[in-house]
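# I would like the atomic coordinates for the input below:
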Amino acid sequence: MSRVAKKPIALPKGIEFNVTAERLTIKGPKGSLSMARPGGVEFKIDNGEIQVAPAAAQNIPLAGTARAIIANMVKGVSEGFERRLDLVGVGYRAAMQGGDLSLSLGFSHPVLFKAPQGVSIETPTQTEIVVKGTDKQQVGEVAAKIRGFRPPEPYKGKGVRYRGERIIQKEAKKA
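Numbering: from 1, shown residues only. Next up, the predicted model:
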């Protein structure tokens, strides 16, 4: 059996886990998440823990994947996820204009980005962006879209980068 699927998922207090024939739903203080129930995977709730098991031998990899997704959903509705981005470059700035993120990234025009439902964007400083939400996949996707407007370039390192990301700089051409 999958090593990942063997680990039980602890349900913190205030988290509600429901399984129907078609959907899995997890409710908590930060919100509610649901997904289609994966076929070939069984779920059991014992002593505040969720156990995931494959129904057949060919479903072992799917059980590990389902367990990881459910663990991320439990963490999302209890604590939430956040992704931090830094703007590196002269004149690169970020500011919130109502519900939109306005980015000044060296183009002739500001880049406006509207946050999707379920994700909040904050700008604590002009060169820092914080993306928060309950769905890990959606938070990562929004952060990647913002980074995609001006990815870090390898010669000077300017651009939008994830917090802690290291850019390996290339040496400039020599005469």
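
# Just give me how far stretch 67-74 sits from the chain centre.
12 Å (CA atoms, centre = their mean, to the nearest Å).

# typo on my end, stretch 108-115
The mean C-alpha position of stretch 108-115 is separated from the chain mean by 21 Å, CA atoms, centre = their mean.

# Endpoints of it, how far apart?
Start-to-end span of stretch 108-115 (CA to CA, to the nearest Å) is 22 Å.

# What lies in contact with that stretch?
97, 99-105, 121, 142, 145-146, 149 (CB atoms under 8 Å, 6 or more residues apart in numbering). Bear in mind the C-beta positions are built from the backbone N, C-alpha and C, glycine included.

# Now, of those, which are buried?
101, 103, 104, 105, 121, 142, 146 (16 or more other CB atoms under 10 Å).

# Please flag which of those residues sit within helices.
142, 146 (DSSP state H).

# out of the buried ones among the contacts of stretch 108-115, who's nearest residue 9?
residue 142 (25.2 Å; CB to CB).

# Need the per-residue pLDDT for that closest one.
Listed pLDDT for residue 142 reads 97.

# for the lowest-mean-pLDDT helix or strand in the chain, packing partners?
In the chain, no helix or strand scores lower on mean pLDDT, DSSP states H and E than helix 3-6, which sits at a mean of 84. Helix 3-6 sits against strand 49-54, helix 60-78, with contacts defined as 3 or more CB pairs under 8 Å, 6 or more residues apart in numbering; DSSP states H and E.

# Pick out whichever of the contacts of stretch 108-115 sits closest to residue 62.
Looking across the contacts of stretch 108-115 and measuring by CB to CB, the closest to residue 62 is residue 142, at 27.1 Å.

# rewinding a little: could you export the buried ones among the contacts of stretch 108-115 to a markdown table, including columns for distance to residue 59?
Shown next, in a markdown table, are these (distance: CB to CB, whole Å):
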| residue | distance to residue 59 |
| --- | --- |
| 101 | 41 |
| 103 | 44 |
| 104 | 50 |
| 105 | 46 |
| 121 | 38 |
| 142 | 32 |
| 146 | 37 |
